[in-house]
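Undergrad: this is a predicted model, with the sequence first.
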Amino acid sequence: MNIILLGPPGAGKGTQAGMLVEERGMVQLSTGDMLRAARTSGTEMGKIVADVMDRGELVTDEIVIGLIREQLDTAKGNGFIFDGFPRTLAQADALGALLAEKGASLDAVIEMQVDDETLVKRIVNRAAEAAAAGQPVRADDNEDSVRIRLMEYYKKTAPLIGYYHAKGNLTSIDGLGEIAEVKAAIAGVLG
Ligand code: ADP
């Protein structure tokens, strides 16, 4: 089973994906994690995307589609969870084509709904907690970048809600509850 977790920054996609990996043996494909790894390892691509990411803007479709293509060719597991990808209509079309090439299907798109003020609070708190614990703080986890990330989401990613609705595989869930409640809502969709 291949699924997309769709939702704004701070919606909890990564948290829920992590539990699906542990409990169902699925493979999480997070383009955000892949881009951060590329930065840390100092690759050319990592250098190119660093400023764009820190501002909270989207990196090019070409780069992220390339990352996903590589992973689809190599990663093995009990289905893929796309987390933070696709983020544009062009990425959504590319994902459809990549899956079709492999004879694979997209089984569910789960939209996690969380209001803006909660998102900003969650991300700013996450940064404050990391800083207090002496852990690294993401350079884009500050209020200015979060506002830009949200605007990018509404302009470029939210149209995917209509796109997948029209394709018939969208389910929207409330992302505001406790982690366990959101998890149960996702399990209700996946069966
Ligand atoms: P969040 O969902 O918390 O905003 P991510 O870790 O998914 O964070 O992404 C962090 C940043 O990486 C984004 O703001 C963007 O710059 C870049 N990025 C990640 N995935 C994509 C994508 N599919 N398309 C374009 N840019 C992306």
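TA: Received, thanks.

Undergrad: what's the neighbour count on A130?
TA: A130 has 14 neighbouring residues, counting by other CB atoms under 10 Å. C-beta coordinates here come from the backbone N, C-alpha and C atoms, glycine included.

Undergrad: no wait, A97
TA: If you count neighbours by other CB under 10 Å, A97 ends up with 11.

Undergrad: now the one residue sitting closest to the centre of the chain, what are its backbone angles?
TA: For the chain, G84 is the residue whose C-alpha lies nearest the centre (CA atoms, centre = their mean; 1.7 Å). Phi and psi for G84, reported as degrees, to the nearest 10, are phi 80, psi 10.

Undergrad: going forward, begin numbering at 25 instead of 1
TA: Happy to do that; since the first residue is 25 now, the last one works out to G108.

Undergrad: what about the strands in the chain?
TA: With DSSP state E as the criterion, the chain has strands at 27-30, 51-54, 104-107, 132-137, 194-198.

Undergrad: could you export those as TSV, including mean pLDDT and mean neighbour count?
TA: Output for the strands of the chain, formatted as TSV (pLDDT from 0 to 100; neighbours: other CB atoms under 10 Å):
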stretch	mean pLDDT	mean neighbour count
strand 27-30	98	26
strand 51-54	98	20
strand 104-107	98	24
strand 132-137	98	20
strand 194-198	98	16
